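Undergrad: My questions are about this predicted structure, shown below with the sequence.
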Amino acid sequence: MSLFRSLDRTTCTAAVSSSAATTTPSSHILAFLCPAFTTFTPHAPRRSFSRRPVTRPVTRLPRAPGTPDPTPMDSFFISALARAASCPEHARQISSLSAHHHRPRRKSTCLVPGLGDRREFRTKTERRGPFKRLKQFAQDELKALVDYYGIESGEREDEELPDDAPLIWNVGDDHEPWPLRDPQHHLVIHEMEKLLKDKESPHEDIFELYKMLPSPGVVYLRIQTIRALLHHLSVVERPTRAAMQRFFYIMDHMQTAHIHLNRSEWTSAIYFAGRFTGNASPEDLQSALHIWHDMERRAAIQGSIVTLNVLFDIAVRAGKYTLAETFIREIEVRKLKPHRHFRVSLMYYYGVCQDGNKVRRVYQEMVQAGDVIDTVVMNAVIASLIRAGEPGAAEHVFERMKRLDAVRNAPHMGARTPFSQPDWRSRRVLGLRLTNKAPHLADESARKSLQDLAPLGPNARSYGLLLRHHASTAGNVDRVYELLNEMRLNGIPYDGTVFIVVFRGFARFGGVRYSFWTADKLERLWKDFLQAASEHRERTWLSSLAVNAALTAFAKCANGERTMRAWEEVRALWEPEHEELEQTLKLLRNLVPQGGFFDEYRGD
């Protein structure tokens, strides 16, 4: 028998013997559980926590007639609990506007030893359901509308650690060549060393011999041969992509073989990385800075004035003038003595900044420091003054150069200076001699003798600077042909730069009525260009830059038929790369829009 059944009999007996029909045991129980229940009125509003309302009438079992309505105790007890839960004074009032602010309990971080984690009471239940995640995702999406670099994830990215560890392959000059297994490789090394003794040996031939050795080939060479190989590959007329790739190919093999680079080889690598495209770009500057970082931080080889001068020149050409100023301050902090080449780069920098007074000041400092003044220095002065917006001052310097050269080479002054018209290798040797030897001459007479040997007359570079200004900026065709005639009379050959700048002048100022940039003058210049290219003159080569400039000039000054004939004439002499040919053909399609002509060139 259950507890509720025993209570049921007791309540039933009490109910029969009760004199007041309105007073039931449920009333006393409700008064005990909820004192305010007696004051509750049916019309008072109350919150209901019941389920859905019953849509059908409640049916009860039939009762025998005359039987009293028993009220079981368990029903009273359950009903009392339900009514107490719906009591208006005990119900929790929830409002959207709270007049009281309660301080939330601080979450305890203390754990009772031996009990582990325990549950704690909080003022608000944290719900980590899908709606909260959806809300957070929507907020991230809204924030990402103006985020150019993508949606930031909550995960923390791995930080890049600076790689400043020393290079393990920078170990010294204690390299011993490995033994060769194939006797044929001995002949390859012997032939390579023979070519390295000749400074004019083609780089391509030496590099092809080197690639015949097993990789890495440097391990089979003597350290003297390795130094001579890198030096030979670093001496170029102008830096190109192919020259840079050959040099870096040897560097990679030296890294694999744990053979270190010296300071001059590091500097050559920086020069190739920053200047292999001609005009340095910000990306080229970044590559050069990365190599400089490896040189000083990891290889522990501090750069010289030559290294910082190369970096300074690359920064100026890349347009990073703030960084260029940083290199100037770095030279001062390291107390490095500026030499002639650095001052030449400094004049070029002040010319880019359009400060002619500082250009003159740097030149005066060179004279006072005892540096040798030659044509290279004077060309830097002319180029800097033109960039500074003083073409008249540049013309004045050019005329003084011609007069001084005429006086020094007069019959009563003796023979012409021996280095007046050298090739590029001789000019390089002369420049190094003038830069490195002059500061060590304490005797004034010896320094004056060295200055007398230095050439001061205009060369092709000098004329090219003025031709570029008059052809591209001023548009003075008379002055252009006057300078070209002077070059012809003085025996100064035209180089590729001269032809390109004059072709651009025809493309810019020709083809209009009453223009002096006529088609007849263009024909004479074109004839000279083809002759110079066929004779392979120094600093004159067929490239997409020169060919495109000439074709654009013919399209502007002549007609489409003459432009196509000019293309056929130069195509017979030119063997371009695939990219260069596509670039030129694309230009021709724009200059001469005629269908069907280019079909025969697509298979080349």
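TA: Alright, I've got the coordinates. Numbering: from 1, shown residues only.

Undergrad: Can you point out the buried residues in stretch 387-395?
TA: Residues of stretch 387-395 classed as buried by neighbour count (16 or more other CB atoms under 10 Å): Arg387, Ala388, Glu390, Pro391, Ala393, Ala394, Glu395. For every residue, glycine as well, the C-beta is placed using N, CA and C.

Undergrad: List the ones among the residues you listed that fall in strands.
TA: In this view, the buried residues of stretch 387-395 have no member that belongs to strands under DSSP state E.

Undergrad: how about a markdown table for those residues, with pLDDT and distance to Gly351 added?
TA: Written out in a markdown table, the entries for those read as follows (pLDDT from 0 to 100; distance: CB to CB, whole Å):
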| residue | pLDDT | distance to Gly351 |
| --- | --- | --- |
| Arg387 | 95 | 4 |
| Ala388 | 95 | 5 |
| Glu390 | 95 | 9 |
| Pro391 | 95 | 12 |
| Ala393 | 95 | 11 |
| Ala394 | 96 | 10 |
| Glu395 | 95 | 15 |
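
Undergrad: Any chance of those residues in TSV with distance to His232 as columns?
TA: What follows is the buried residues of stretch 387-395, written out as TSV (distance: CB to CB, whole Å):
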residue	distance to His232
Arg387	35
Ala388	38
Glu390	41
Pro391	41
Ala393	41
Ala394	37
Glu395	41
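
Undergrad: The helix or strand that contains Val362 packs against which elements?
TA: If you go by DSSP states H and E, Val362 is part of helix 356-369. Secondary structure elements in contact with helix 356-369, counted by 3 or more CB pairs under 8 Å, 6 or more residues apart in numbering; DSSP states H and E, are helix 340-352, helix 375-387.

Undergrad: let's see 10 Å
TA: In this structure, helix 356-369 packs against helix 340-352, helix 375-387, helix 391-408, with contacts taken as 3 or more CB pairs under 10 Å, 6 or more residues apart in numbering; DSSP states H and E.

Undergrad: Tell me what angle the following helix or strand past the longest one forms with helix 340-352.
TA: Per DSSP H and E, the first helix or strand lying C-terminal to helix 391-408 is helix 424-437. Taking axes from the mean of the first three to the mean of the last three CA atoms, to 10 degrees, one finds that helix 424-437 is oriented at 100 degrees with respect to helix 340-352.

Undergrad: Now do helix 424-437: everything it contacts.
TA: Contact partners of helix 424-437, identified using CB atoms under 10 Å, 6 or more residues apart in numbering, comprise 199-200, 235-238, 306, 339-342, 344, 371-377, 418-419, 421-422, 446-447, 450-451, 453-455, 459, 461, 538-539.

Undergrad: picking up where we left off before, so which of the helices and strands packed on helix 356-369 comes closest to Leu581?
TA: Proximity to Leu581, assessed across those by CB to CB, is greatest for helix 375-387 (33.0 Å).

Undergrad: what angle separates the closest one from helix 391-408?
TA: For helix 375-387 and helix 391-408, the angle between their directions (the same axes, to 10 degrees) works out to 160 degrees.

Undergrad: Reformat the helices and strands packed on helix 356-369 as JSON lines; add distance to Ala533.
TA: Below are the helices and strands packed on helix 356-369 laid out as JSON lines (distance: least, CB to CB, whole Å):
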{"stretch": "helix 340-352", "distance to Ala533": "30"}
{"stretch": "helix 375-387", "distance to Ala533": "25"}
{"stretch": "helix 391-408", "distance to Ala533": "27"}
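
Undergrad: what about Lys337, which SS state?
TA: When states are read from DSSP: H, G, I helix; E, B strand; the rest coil, the local structure at Lys337 comes out as coil.

Undergrad: for Pro239, same thing?
TA: Recorded secondary structure, Pro239: coil (three-state DSSP).

Undergrad: Val316 versus that one, what's the distance?
TA: Pro239 sits at a distance of 16 Å from Val316 (criterion: CB to CB, to the nearest Å).

Undergrad: More neighbours: which of the two?
TA: Between Pro239 and Val316, counted using other CB atoms under 10 Å, the more crowded position is Val316 (23 against 19).

Undergrad: what sits against that one?
TA: Each residue near Val316 by CB under 10 Å, 6+ apart is listed here: 280, 285, 323-324, 327, 345-346, 348-353.

Undergrad: and with 7 Å instead?
TA: Val316 makes contact with Ala324, Ser345, Tyr348, Tyr349, Val352, according to CB atoms under 7 Å, 6 or more residues apart in numbering.

Undergrad: Let's have those residues in TSV, adding pLDDT.
TA: Rendered in TSV, the data for those read as follows (pLDDT from 0 to 100):
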residue	pLDDT
Ala324	95
Ser345	95
Tyr348	95
Tyr349	96
Val352	94
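
Undergrad: Which pLDDT value does the model give Lys527?
TA: Here, the pLDDT recorded for Lys527 equals 93.

Undergrad: what packs against the helix or strand where it lies?
TA: Counting by DSSP H and E, the secondary-structure element that holds Lys527 is helix 519-534. When contacts are defined as 3 or more CB pairs under 7 Å, 6 or more residues apart in numbering; DSSP states H and E, helix 519-534 sits against helix 496-509, helix 544-557.
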